[in-house]
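**Q** Sequence and predicted structure, then a few things I'm wondering about:
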Amino acid sequence: MRVALVIYGSLDTISGGFLYDQKLVEYLQDQSDPVEIISLPWRSYPRLLLDNLSPALYRRLASIDVDVLIQDELCHPSLFWINRRLKKRVRFPIVSIVHHLRASEAHPAGVIGLYRLVEREYLRTNDGFVYNSRTTRQAVEALSRSQLPGVVAFPSGQFRPVIDSTEITVRAHQPGPLKLLFIGNLIPRKGLHTLLDALESMPPGMAALTVVGGYLSDSHYAREMLTRMRTRMRDSKQPGCIKFLGALSREELAGVVRTHHLIAVPSSYEGYGIVYLEGMGYGLPAIATTRGAAGEIITDGQNGYLVTPEDPAALAAVFATLAINRDRLAALSLAARSRYLDHSTWEQTGDLIRRFIHDLAFGRINGV
């Protein structure tokens, strides 16, 4: 089966969505399916819309010799009108991998209407969908007001953690502050500001935070978060209560995850949240919010907690409870590890997607 995949930038980009795409490509290639990567440049939203007027991009997509064209839904601004023209010319199906919708994020009132319109038009040009969660599927069907063939294929993590219950239990009872770990790019949606607010409201020495993630140097939000962390590191009565490590390699990140107690990423929205699952692999209960798909991974009060978005008081209450009650922390940690072990592997996810796109490409799927 010959496949092409359209993405922005590089598959090596560090994010859960790009990891998903990368793992799918690896699986398809392992099955001897050639995959052509079509990379579009990252640009401002208005310039991405202008890609639809590019004769070169249209010719390239129309001339590829494939059985199925897969597009990362992130690229929808560049493709919503090109796809309409492509469908009149090509015989291969167009399948979109949807990690989460732009329309599901918080945006200013002046632009959200445009985002929803463009995204809806794009979704209606697809012949099938690969969803990373049931929540994402529901969001797509609600926005597009239609149902097309699709498959929910849950992502896995980037690690293969080997850790036993003894190490997890001993770590939970180690004296000292509760060790919180945030992993995510420094963007508003990931909720680092809420996490910092929670930490600042807690007694000194009760909790310590490590932040891992990349950022754009020209981002106002990233500069604000870096300033807050540096101020806290410089002025705190408890030196070392915050560490910012920046972006790390896979090996470096695995070592950091293993030494912490909780994975805390209070995003305003997650289409899935691979980072929660990765923390659970090392026995870290996950702290997320009630908005988005985190509830498909986390069972509140059993292997983590779900709090209301933008609620630092609720986060601080969870952290204080677990900092004091280490038996409770240990029980949550063991349950988190068990949840990870029950989860599907990348191989199972890849097989599910491959069978779906194969059936779609060769005419075995004719409806929902």
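**A** Arrived safely.

**Q** Just confirm Arg116 contacts His107, I think it does.
**A** No: the criterion here is CB atoms under 8 Å, and Arg116 misses it with His107 at 9.3 Å. Backbone N, C-alpha and C define where each C-beta goes, glycine included.

**Q** Least confident secondary structure element in this protein?
**A** helix 220-235 (a mean of 88; mean pLDDT, DSSP states H and E).

**Q** angle of the next helix or strand after that helix against helix 220-235?
**A** The element immediately downstream of helix 220-235 (helix or strand, assigned by DSSP states H and E) is strand 242-246. On the basis of axes from the mean of the first three to the mean of the last three CA atoms, to 10 degrees, strand 242-246 is oriented at 140 degrees to helix 220-235.

**Q** For strand 242-246, which outside residues touch it?
**A** 199, 208-214, 226, 229-230, 232-233, 236, 256 (CB atoms under 8 Å, 6 or more residues apart in numbering).

**Q** just how off-centre is the helix or strand just after it within its chain?
**A** Toward the C-terminus, strand 242-246 is succeeded by helix 250-258 as the next helix or strand (DSSP H and E). Relative to the centre of its chain, helix 250-258 is centred 18 Å away, using CA atoms, centre = their mean, to the nearest Å.

**Q** mean confidence score for helix 250-258?
**A** Mean per-residue pLDDT for helix 250-258: 92.

**Q** Equivalent analysis for stretch 38-54, please.
**A** Mean predicted confidence for stretch 38-54 is 95.

**Q** Can you classify Ile263 as helix, strand or coil?
**A** Using DSSP: H, G, I helix; E, B strand; the rest coil, the structure places Ile263 in strand.

**Q** okay, now the nearest residue to it once chain neighbours are set aside: neighbour count?
**A** Distances taken as CB to CB, 6 or more residues apart in numbering put Gly279 closest to Ile263, at 3.0 Å, once the chain neighbours are dropped. Applying other CB atoms under 10 Å, we find 29 other residues in the vicinity of Gly279.

**Q** same question, Gly255
**A** Neighbour tally, Gly255, other CB under 10 Å: 10.

**Q** how near is it to Tyr58?
**A** 46 Å (CB to CB, to the nearest Å).

**Q** same question, Leu180
**A** For Leu180, the distance to Tyr58 - CB to CB - is 48 Å.

**Q** These two: who's more crowded?
**A** More crowded of Leu180 and Tyr58, by other CB under 10 Å: Leu180, with 26 against 18.

**Q** Can you spell out which residues form a bridge with the more buried one?
**A** With DSSP bridges as the criterion, Leu180 is bridged to Leu209, Leu262.

**Q** May I ask you to confirm that it is in contact with Thr210?
**A** Yes: with contact defined as CB under 8 Å, Leu180 reaches Thr210; the gap is 7.1 Å.

**Q** Would you map the helices across the stretch 251-368 of the chain?
**A** Along the stretch 251-368 of the chain, the segments classed as helices by DSSP state H, counting those that start in this stretch run 274-281, 312-324, 326-341, 346-361.

**Q** for the last one, which positions count as buried?
**A** Residues of helix 346-361 classed as buried under the neighbour-count rule (16 or more other CB atoms under 10 Å) are Trp346, Thr349, Gly350, Ile353, Arg354, Phe356, Ile357, His358, Leu360, Ala361.

**Q** For that helix, list the C-alpha coordinates in CSV.
**A** The C-alpha trace of helix 346-361 is given here as CSV (Å, rounded to 0.1, in the frame of the first residue of the first chain):
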residue,chain,number,x,y,z
TRP,A,346,2.0,1.5,19.3
GLU,A,347,2.1,-1.7,17.4
GLN,A,348,-1.6,-2.3,18.1
THR,A,349,-2.4,1.3,17.3
GLY,A,350,-0.5,1.1,14.0
ASP,A,351,-2.2,-2.2,13.0
LEU,A,352,-5.6,-0.7,13.7
ILE,A,353,-4.9,2.3,11.6
ARG,A,354,-3.3,0.3,8.8
ARG,A,355,-6.3,-2.0,8.5
PHE,A,356,-8.6,1.0,8.4
ILE,A,357,-6.8,2.9,5.7
HIS,A,358,-6.3,-0.2,3.7
ASP,A,359,-9.9,-1.0,3.7
LEU,A,360,-10.8,2.6,2.8
ALA,A,361,-8.2,2.7,0.0
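
**Q** Give me the contacts around it.
**A** 1, 3, 23-24, 26-28, 31, 33, 67-68, 70, 92-93, 95, 127-128, 130, 149, 151, 153-156, 364-365.

**Q** List the ones among the residues you listed that fall in strands.
**A** Val3, Val68, Ile70, Val95, Gly128, Val130, Val151 (DSSP state E).

**Q** Now which of the residues you listed would you call buried?
**A** Buried among those (16+ other CB under 10 Å): Val3, Val68, Ile70, Val95, Gly128, Val130, Val151.

**Q** With distance to Asp218 and pLDDT as new columns, can the residues you listed be given to me in TSV?
**A** Shown next, in TSV, are those (distance: CB to CB, whole Å; pLDDT from 0 to 100):
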residue	distance to Asp218	pLDDT
Val3	35	98
Val68	38	97
Ile70	32	98
Val95	34	97
Gly128	37	96
Val130	33	98
Val151	38	97
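
**Q** With distance to His100 added, can I get the helices of the stretch 251-368 of the chain in a markdown table?
**A** Listed next are the helices of the stretch 251-368 of the chain as a markdown table, based on distance: least, CB to CB, whole Å:
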| stretch | distance to His100 |
| --- | --- |
| helix 274-281 | 12 |
| helix 312-324 | 22 |
| helix 326-341 | 21 |
| helix 346-361 | 17 |
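
**Q** Including mean pLDDT, could these go into TSV?
**A** Below are the helices of the stretch 251-368 of the chain laid out as TSV (pLDDT from 0 to 100):
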stretch	mean pLDDT
helix 274-281	95
helix 312-324	97
helix 326-341	97
helix 346-361	96
